[in-house]
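>>> Show me the folded form of this:
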Amino acid sequence: MASARLTPNAVAAVLAGGTNLRPVVQVVDLRRANGDRWRACVSDGLTSCSAMLAERLGDLPRSGVVRCGSIVQLDDYVLSDPSRRIVVVLNMTVLRAECAIIGNPTITSETVSSNQNHLRVEQFNGTRQYGLTAGNPNLTRPNGNVPVFQPSMAANTLNTPTRLSGQTPAFQPTAQPSYRPAPSYKNHGAIAKNEAPARIIPISTLNPYQGRWAIKGRVTAKGDIRRYHNAKGEGKVFSFDLLDSDGGEIRVTCFNALLDRFYEVVEVGKVYVWEITLDNGSSVDLCLDENSSIPSQRFNFRPISEVEDTANTAILDIIGVVISVSPCTTLQKKNGMETQKRVINLKDMSGRSVDVTIWGEFCNREGSQLQEIVECGGFPVLAVKTGRVNDFGGKSVGTISSSQLLIDPDIAEAHSLRQWFDSGGRDASTQSISTDVIPAASRNDIRMTIAQIKDEGLGMGDKPDWVTVKASIIFFKNENFCYTACPNKEGDRQCNKKVTKGTSGLWFCDKCNREFTECDYRYLLQLQIQDHSGTTWVTAFQESGQDLLGCSAQDLNRFKEEEDPRFAETMLQCLFQEYLLRLKIKEETYGDERRVKNTLVKVERFDPAGESKYLLDSISRSTTFY
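Residues are numbered from 1 along each chain as shown. As a prediction, this is how the structure comes out:
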């Protein structure tokens, strides 16, 4: 029977800097470090050293394929910096899963003292001994025992190995390198920087124990510049995504000065060589050959029918045909900043449709393009990469900062959807997994009448209730329809607190503690709405007020002060018209009195065709077939 051997002096050769040896070693200790990372101790029969398995190899020890005593061949590895005492194993072949410990290996460790060239070695029987870091195999230990390195003792035989990869192992003993005492450096100046190019490794094998390295990847997405404000002051940031030839993906984030340096350099679709942690000494080199082995994008599409059973906040990729696109609306976030929103309805071959909510710049870029196509009678295919599932009132998918929207992408899934849709899928019946979908309009979570809002006592809980009513506006309070607001901005956020005019003629803000020559005007409308079940009062702020009246609060205030007839015309044109009104209902305290406040957050003009489709969809979802 053929025999295999541990590579003689493998540990010494690896720690000396050899990276292309493919040595055969034995795992003599193995334990979980953190997450799916495993620490090991590998031996050549005489000497052993610490090793760290890459995360991609975590299945081997977890499943028992690799265990204490396993014989493995290190196919790919790097040495960690700065001590260069830990071998990071990137890839390996298991030659034998189980074997008795061979020899009496010692463990090399960190240098005990920088003043004395000693290192500590610890035998597995628990006896601690010390030798010289020079590593001379002919030196004996202080107690006269056998030398630490002895080539003649490393030729240990094993049974025929079983390789997982099916390749025949090349068992070639590595010659013992000559070892000399480390040179003694004096303070004569700086040591020259290592100018050798960093080693390119796959994204999937990145780990915190590697030293000098680089990755080669294609930019698949590039985010917009975002500004932030925290206790340390204001800043700016942007991110981009990378994909390499092995399918590994990673996100890179640049702040402030690094944003100025790299934002214009990074182009979507180009291939670069990178360091993941970018600093002032980092370099980004464009690969002119474009590296065709790296794909332009990678998807893992899920059918819409599976989204229905997917957990809330889960991240996934979906693709479908765009059936409708809602108009863009402006909302105010909790931090006072404004953002934009659109709702897109998708259907696919699974017989389901879903709402995709897009936010921010997606509304002006891809959202506007999709709306234009749909309004012209087209039905584009939309691929959503990295969407987040939302289960509030049914299942929907929303964009996040790392999301990507691709319109009619040139991929097999898009071509298959297009063929299905054009050959009859257009007329195929689908069931929505989102609540109360109105095609050609935005999603309405719950539809109620005014009487139902009162009868069910909405707004009394800890969180506000959100409903949509179909109603007409029957009355405006036109005396105080707006207020004077602070125009001061901190970054992208405007103060908007109420300001008062002092005796000096300047506007003063209590919050900012500043005076201004001009103020802003913002809506604070009080209006009464009515449907077939009753009436109620509603408050409309800036965004919803402007959508309803069609002009800014500043212009309407000027019309009123100048007694311009356009003031009355603007108010009257909205009366006794039917709208779909999205309301936020919450109980609030005014002095000692508690009362429910209805706030108008969104307004849409009533569309008979859209309402008919909504009613038909409601009937189809509520009907039970036997």
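
>>> in the chain, which spans are helices?
10-15, 59-63, 256-262, 304-307, 361-362, 368-375, 412-422, 450-455, 542-549, 553-561, 566-572, 608-622 (DSSP state H).

>>> What is the fifth one packed up against?
In this structure, helix 361-362 packs against strand 396-407, with contacts taken as 3 or more CB pairs under 8 Å, 6 or more residues apart in numbering; DSSP states H and E. To be clear about C-beta, it is placed using only N, CA and C from the backbone, and glycine gets the same treatment.

>>> helices and strands around the strand it packs on, which ones?
Here strand 396-407 touches strand 213-222, strand 233-243, strand 315-325, strand 352-359, helix 361-362, helix 368-375, strand 381-390, going by 3+ CB pairs under 8 Å, 6+ apart.

>>> can you do 6 Å?
strand 352-359, strand 381-390 (3 or more CB pairs under 6 Å, 6 or more residues apart in numbering; DSSP states H and E).

>>> okay, the helices of the chain, which one's buried deepest?
helix 10-15 (a mean of 23; mean count of other CB atoms under 10 Å).

>>> Show me what the mean pLDDT comes to for it.
Model confidence over helix 10-15, given as mean pLDDT, is 85.

>>> Quick one: closest of the helices and strands packed on strand 396-407 to Cys328.
strand 352-359 (9.4 Å; CB to CB).

>>> ok so, going back, among the helices and strands packed on strand 396-407, show me which one is buried the most.
Taking mean count of other CB under 10 Å, strand 352-359 is the most buried of the helices and strands packed on strand 396-407, at a mean of 23.

>>> Which elements pack onto that strand?
Strand 352-359 packs on helix 304-307, strand 338-347, strand 396-407, going by 3+ CB pairs under 6 Å, 6+ apart.

>>> what would those look like in JSON lines with distance to Pro464 and mean pLDDT?
Listed next are these as JSON lines, based on distance: least, CB to CB, whole Å; pLDDT from 0 to 100:
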{"stretch": "helix 304-307", "distance to Pro464": "26", "mean pLDDT": "89"}
{"stretch": "strand 338-347", "distance to Pro464": "18", "mean pLDDT": "87"}
{"stretch": "strand 396-407", "distance to Pro464": "19", "mean pLDDT": "87"}
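
>>> Next, format the ones you listed as a markdown table and append distance to Asp462.
Shown next, in a markdown table, are those (distance: least, CB to CB, whole Å):
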| stretch | distance to Asp462 |
| --- | --- |
| helix 304-307 | 29 |
| strand 338-347 | 25 |
| strand 396-407 | 23 |
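
>>> Of the ones you listed, flag the one that's most buried.
Among the helices and strands packed on strand 352-359, strand 338-347 has the highest mean neighbour count (mean count of other CB under 10 Å), at a mean of 21.

>>> what packs against that strand?
strand 315-325, strand 329-332, strand 352-359.

>>> Mean pLDDT and distance to Gly398 for those - can I get that in CSV?
Shown next, in CSV, are these (pLDDT from 0 to 100; distance: least, CB to CB, whole Å):
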stretch, mean pLDDT, distance to Gly398
strand 315-325, 90, 11
strand 329-332, 76, 13
strand 352-359, 90, 4
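
>>> Of the helices and strands packed on strand 396-407, which is nearest Pro409?
Nearest to Pro409, of the helices and strands packed on strand 396-407 and by CB to CB, is strand 381-390 at 5.0 Å.

>>> What strands line up against the closest one, and which way round?
strand 315-325 (antiparallel), strand 396-407 (antiparallel) (DSSP bridges).

>>> sorry, back to before: what's the closest of the helices and strands packed on strand 352-359 to Ala51?
Nearest to Ala51, of those and by CB to CB, is strand 396-407 at 33.7 Å.
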